[in-house]
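Participant: Quick one, structure for this:
(chains A and B)
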Number of protein chains: 2
Amino acid sequence: MLKAIQIVGSSSGFVSYRFRKPQPNSAFSLISRKSIITTSETLLLPASQLHSHKSCSRDFRMSSTHSKSSSSSSLAIQSTILQGNIRKINFCQFCGGPNKHEIPDGEEKVRAICTRCGKITYENPKMVVGCLIEHDKKILMCRRKIHPSYGLWTLPAGYMEIGESAAEGAIRETWEEANAEVEVQSLFAQLDIPLIGQTYMIFLAKLKNPHFSPGPESSECQLFELDDIPYDSLAFSSMLVTLNLYIEDIKVGRPKFHYGVINKRPGTSPSEIHAYTLDFHMQS
Amino acid sequence: MLKAIQIVGSSSGFVSYRFRKPQPNSAFSLISRKSIITTSETLLLPASQLHSHKSCSRDFRMSSTHSKSSSSSSLAIQSTILQGNIRKINFCQFCGGPNKHEIPDGEEKVRAICTRCGKITYENPKMVVGCLIEHDKKILMCRRKIHPSYGLWTLPAGYMEIGESAAEGAIRETWEEANAEVEVQSLFAQLDIPLIGQTYMIFLAKLKNPHFSPGPESSECQLFELDDIPYDSLAFSSMLVTLNLYIEDIKVGRPKFHYGVINKRPGTSPSEIHAYTLDFHMQS
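Facilitator: Okay, the predicted model is just below:
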């Protein structure tokens, strides 16, 4: 399953940094020299919230504002971006006690700290794992029967679970979404999307047999010739990036491994899947 | 920072699967054909619990039992393994309401569901990001001044945070642990450790300048010739695997990209860092 929304906006660049000593009131000691894109906090739902009920079909709607700022006040806004949704984590999930939101001793970011038992809640990015399945020089894709991106095409992918490896998760998601049994061949792409706290890991895979059919979250599954990939109705920027990299590799030889960071262009909507930059692209 | 414990045990293998239709009372539909290693639930602390207070110096102590089982009853145990710590998540972190633990409609795993607001809490694996820093044919390593693995050597690494890419996180952790400014060159290794819900992403990196010194969590930082790497006092299996792969690559040419799954051998203790198998190793 893939329930996350790829929200518009851009995180700060990361190639070049100015380092400074941690300040008592500083949430982060690593400040990009690039201009900072402000983003309303409502955009910064952690993956735990985006990770909705599996069979839930409600659409996600979020307000968003975008403006470019290079003023010193942007530091505070950047802190908000980098801190995600921690201030909405109001209760300790272990004892139920109320949380306070402070920078713990020796840390640099605001955390949710239980005032009863002292446990700290951390937010971390989540991994989305999936397969790019090659069969007879075609690619297997699924048409989504769930929101977001209902009716649009994707590679089978979803959140990695506790207790499985990334490859296991990619195999499982392919089974769930396309009833297809696959063997993974290699890791093809790791694509970070910092703004929404997600990292995509897409494996090259082969069908073990030629059988596939739509799972509960798909309305169709289809093998596409590379020239026929439905670029006009892809579900997510991550899938567009993955397919573009794959086709470029195929043109010149065989698939490589790619690492990159997807930053959506400021002021664009989530449905504008072409409005991104692929930063810090490395291949091997 | 790197606070997680690499706990002994082995998750189930994943190369070959028997698929079955989801059952109403089944927590997982993907069952490995391999024999299953039972593991006490106390081992299955999620990374959110292992991810301790940054300056906390207390040691982690956990009980563990290991036995090999191929009986049908092992399915229930495997379910426990695959479900991590979800049954200990007793309260909703947003509204404070009590959670129930059930398989939601359309899902296959037990989740924590708030009985007041209905929100579902998901557990997902966490990413640990770090740098393998090459300088004058030497490798920069840090001696840990925190538990676990106090006094042992590691590559600078720690949990990826919301709002940053994996490469940004690796740069940040290197700054925090070794006061070293680095440029990352390529992603060298992705190593999943399913049992503890962690994925390591280690980047090859270069020092921007020859300055480094111990950060608050390190007692020493040192450049090691490859022949002098302190193999007898490494902190984690993940670092041993990373260094072994790197040295093998260097012997025959240049570093590649590696994906693999680290499974610790059953019956061994966390400090036995050589007691692992590297499964499903792929390189490109």
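Participant: which residue ends up closest to the midpoint of chain A in space?
Facilitator: Geometric centre of chain A, nearest residue: A:Q198, 3.0 Å, by CA atoms, centre = their mean.
Participant: how much space is there between that residue and B:A275?
Facilitator: To B:A275, A:Q198 is 33 Å away according to CB to CB, to the nearest Å. Placement of C-beta: from N, CA and C, glycine included.
Participant: Measure how far stretch A:191-211 is from the centre of its chain, please.
Facilitator: 10 Å (CA atoms, centre = their mean, to the nearest Å).
Participant: which parts of that stretch are buried?
Facilitator: Going by neighbour count (16 or more other CB atoms under 10 Å in any protein chain shown), the buried part of stretch A:191-211 is A:191-205, A:207.
Participant: Ok, stretch A:142-154 next?
Facilitator: A:C142, A:R143, A:R144, A:K145, A:I146, A:H147, A:P148, A:S149, A:L152, A:W153, A:T154.
Participant: if we can go back for a sec, among the buried residues of stretch A:191-211, which are in helices?
Facilitator: Taking DSSP state H, every one of the buried residues of stretch A:191-211 sits outside helices.
Participant: Which one of those residues is nearest to B:Q185?
Facilitator: A:D192 (16.5 Å; CB to CB).
Participant: Which pLDDT value belongs to the closest one?
Facilitator: Reported pLDDT at A:D192 in the predicted model: 97.
Participant: picking up where we left off before, quick check, the residue nearest to the centre of chain A in contact with A:V128.
Facilitator: Yes: contact criterion CB atoms under 8 Å: A:Q198 and A:V128 qualify, at 5.6 Å.
Participant: Strands of the stretch 51-200 of chain A, start to end?
Facilitator: Along the stretch 51-200 of chain A, counting by DSSP state E, counting those that start in this stretch, strands occupy A:66-69, A:99-102, A:111-114, A:120-121, A:126-135, A:138-144, A:153-154, A:157-159, A:182-193, A:198-207.
Participant: can you redo the ones you listed as JSON lines with distance to chain B?
Facilitator: As requested, these are exported to JSON lines (distance: least, CB to the nearest CB, whole Å):
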{"stretch": "strand A:66-69", "distance to chain B": "16"}
{"stretch": "strand A:99-102", "distance to chain B": "8"}
{"stretch": "strand A:111-114", "distance to chain B": "8"}
{"stretch": "strand A:120-121", "distance to chain B": "6"}
{"stretch": "strand A:126-135", "distance to chain B": "5"}
{"stretch": "strand A:138-144", "distance to chain B": "15"}
{"stretch": "strand A:153-154", "distance to chain B": "18"}
{"stretch": "strand A:157-159", "distance to chain B": "6"}
{"stretch": "strand A:182-193", "distance to chain B": "4"}
{"stretch": "strand A:198-207", "distance to chain B": "6"}
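Participant: Output the ones you listed in TSV; the columns should cover distance to B:S269.
Facilitator: Formatted as TSV, these follow (distance: least, CB to CB, whole Å):
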stretch	distance to B:S269
strand A:66-69	52
strand A:99-102	35
strand A:111-114	31
strand A:120-121	27
strand A:126-135	28
strand A:138-144	44
strand A:153-154	43
strand A:157-159	32
strand A:182-193	31
strand A:198-207	30
